[in-house]
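In: Here is my input; please provide its structure:
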Amino acid sequence: PHLAEQLRERIIIWRFQEQKTIAEIARLAGCTERNIYKILKLHRDFGHTKNPFARRRGRPRTLTQQDLAFVSSLLDANPSLFLDEIQERLIESRDVE
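Out: Below is the predicted model:
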């Protein structure tokens, strides 16, 4: 289930500390009961709300958080930059292609 880690932790608290029902938790979390059961099973099996052995999905990211912050600051300073200009500045300043 693709839920934020903070929400996953909250689900555990709702279930084991606040003794809420699965239906109540699903309503509070805005997801299905099936997702709640999956998160509880992961917590039971691994002690975490995510499977520590699962492989990452999708393609690895090319830009780091610092690169994204750089692009954001570029656009804040000059909102009319074209993509090719942003790419040039990334190469020049951050050595990212």
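
In: Could you list the buried residues of the helix or strand hosting residue 43?
Out: Element membership of residue 43, judged by DSSP states H and E, is helix 33-46. Neighbour counts over helix 33-46 (16 or more other CB atoms under 10 Å) mark 35, 36, 38, 39, 40, 42, 43 as buried. All C-beta atoms are positioned from the backbone trio N, CA, C, and that covers glycine.

In: now the last one: how far from residue 84?
Out: To residue 84, residue 43 is 48 Å away according to CB to CB, to the nearest Å.

In: cool, and residue 21?
Out: For residue 21, the distance to residue 84 equals 55 Å [CB to CB].

In: Pick out whichever of the two has more residues nearby.
Out: Taking other CB atoms under 10 Å, residue 21 and residue 84 do not tie; residue 21 has more neighbours (12 against 8).

In: Now the more buried one: phi and psi?
Out: phi -80, psi 160 (degrees, to the nearest 10).

In: so how far is stretch 38-57 off the chain centroid?
Out: Here stretch 38-57 is found 15 Å from its chain centre; the criterion is CA atoms, centre = their mean, to the nearest Å.

In: and the end-to-end length of that stretch?
Out: 18 Å (CA to CA, to the nearest Å).

In: Under the pLDDT cut-off, which ranges of this protein? List them.
Out: Within the chain, the segments meeting pLDDT under 70 span 1.

In: how about the helices of it, start to end?
Out: 5-16, 22-29, 33-46, 65-77, 83-94 (DSSP state H).

In: Just send those helices back as TSV, with distance to residue 55 too.
Out: Output for those, formatted as TSV (distance: least, CB to CB, whole Å):
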stretch	distance to residue 55
helix 5-16	18
helix 22-29	25
helix 33-46	15
helix 65-77	22
helix 83-94	28
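
In: Those helices: which one's closest to residue 58?
Out: With respect to residue 58, and counting by CB to CB, the nearest of the helices of the chain is helix 65-77 at 16.7 Å.

In: so what secondary structure elements neighbour that closest one?
Out: Counting contacts by 3 or more CB pairs under 8 Å, 6 or more residues apart in numbering; DSSP states H and E, helix 65-77 is packed against helix 83-94.
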